[in-house]
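> Sequence below, structure please.
(one chain, ligands or ions: 1)
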Amino acid sequence: MTAPQAEAVIDLDAFRANIAALKACAPQSAFMTVVKADGYGHGAARVARAARDAGSEWLGVATLDEALALRRAGDRGDLLCWLAAPGADFAAVIDAGVEVTASSTDQLAEILAAPATVRPKVQLKVDTGLSRNGAFGEQWTELVAAATVAQMGGAVEITGVWSHLACADEPGHPANGAQEAAFNAAVDELRAAGVEPALRHLSNSAATLTRPSAHFELVRVGIAAYGIRPDPRMTYETALTPVMTLRARLAAVKRVPAGASVSYGHTWTAERETTLGLVPIGYGEGILRTASNRAEVGFAGGRARQVGVVCMDQFVVDLGDAEAARGDLVTVFGPGADGEPTAEDWAEAAGTIAYEVVTRLGGRIERTYVGESE
Ligand SMILES: Cc1ncc(COP(=O)(O)O)c(C=O)c1O
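Numbering: from 1, shown residues only. From the prediction side, this is the model:
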């Protein structure tokens, strides 16, 4: 079989090892691996299976469709979804055994009105300061009241209460303590109304790594499971290995004279004679155009600069005087163990976060998996 022109190699052994290390950060809590947005670009169905193998009791996704896709892929474990616009088909996910989130009384009413054949399991979302989804202030009091009535009447089982942190990747930020206090107060209000939630959860990766007081009964871990730090400035003991390596084979190699300019707009010009390599992936695959002329790739055990603007299907690298031929492998990013840049390096070059670098990948890139247990 010929090697793919471009592939994202997903190391499931590294993924499972990251989960084991992260579970050890919160040994008293159950563990949810967040596999939304196609497993942060790693392929939700495959990473979901590996996460279960690694002892992830829960999986988490944003949309109802993502939850149903996991069920179609064969997942039968505890699964929570949390983002639905009005009109969402709650009945389908409830019947598929997925737990759903109610962020408002309206949403709880929609869930209760859904023609499901089983009693819904619902987790309540409180907004403790992120100001995204979730009920806040009086709306929380109303949601608690409505949920209590529904539970007393047997229409619903309230299984959990949860919220999401805004600044967990800055462990010293005062918002963390404030959100935690608001969360505890919201839980107290629910308990006072007569509902004892089995699961309280607040921690993302950053809080799982650094904030034990926010671990409660469950932690929800996304980016760190994929081996990427929530913020490169964070320090902690836990060792994580990047799971995705993006590589491609050079589609063209050419020697150009000094003065040759590269790609649309001629934003880069060779100062001396050099060898250019053409990497056959571009922004159609999610390569960030804002990284143009700033990123590097791994080539022949060293690094090569990306030059000229990233195009839809391709970008150019300056290989200098290195030996190079069509078909040679370029590592766009990977764990960094062989000197190649990481997704975090690309994020820095593009002025974004590594979450975006991996999650955007798609288009014509093939995914291949190594380290499958079966
Ligand atoms: C509700 C919720 N919980 C947990 C996570 C996981 O966050 P992280 O990838 O920072 O661990 C996310 C992702 O943004 C999320 O939306």
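> where's the residue nearest to the spatial centre of the chain relative to residue 214, distance?
For the chain, the residue nearest the mean C-alpha position is residue 40 (3.6 Å; C-alpha atoms, centre = their mean). Residue 40 sits 21 Å away from residue 214, going by C-beta to C-beta, to the nearest Å. For glycine as for every other residue, the C-beta is placed from the backbone atoms N, C-alpha and C.
> Does whichever helix or strand the residue nearest to the centre of the chain is part of pack against any helices or strands, and if so which?
In this assignment (DSSP states H and E), residue 40 forms part of helix 36-41. Judged by 3 or more C-beta pairs under 8 Å, 6 or more residues apart in numbering; DSSP states H and E, helix 36-41 is in contact with helix 44-53, helix 354-359.
> now the last one, how far from the centre of its chain.
Offset of helix 354-359 from its chain centre (C-alpha atoms, centre = their mean, to the nearest Å): 8 Å.
> Could you export that helix as PDB, keeping only the C-alpha atoms?
Written as PDB, here are the backbone C-alpha positions of helix 354-359 (Å, rounded to 0.1, in the frame of the first residue of the first chain):
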ATOM      1  CA  ALA A 354      -3.200  24.400  20.400                       C
ATOM      2  CA  TYR A 355      -6.800  23.300  20.900                       C
ATOM      3  CA  GLU A 356      -7.600  25.000  17.600                       C
ATOM      4  CA  VAL A 357      -4.600  23.600  15.800                       C
ATOM      5  CA  VAL A 358      -5.700  19.900  16.400                       C
ATOM      6  CA  THR A 359      -9.500  20.500  16.300                       C
END
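> hmm, back to that, and the helix holding residue 40, is it in reach of the ligand?
No - using C-beta under 6 Å from any ligand atom, helix 36-41 never reaches the ligand; the gap is at least 6.7 Å.
> residues making contact with the helix or strand where residue 145 lies?
Per DSSP H and E: residue 145 is located in helix 138-152. If you take C-beta atoms under 8 Å, 6 or more residues apart in numbering as the criterion, helix 138-152 is touched by 102, 104-105, 108-109, 112, 122, 124, 126-127, 135, 156-158, 186, 189-190, 193-195.
> So which of these belong to strands?
102, 122, 124, 157-158 (DSSP state E).
> Of those, select the buried ones using a PyMOL command.
Of those, the buried ones go into a single PyMOL selection, burial set by 16 or more other C-beta atoms under 10 Å:
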select buried, resi 102+122+124+158
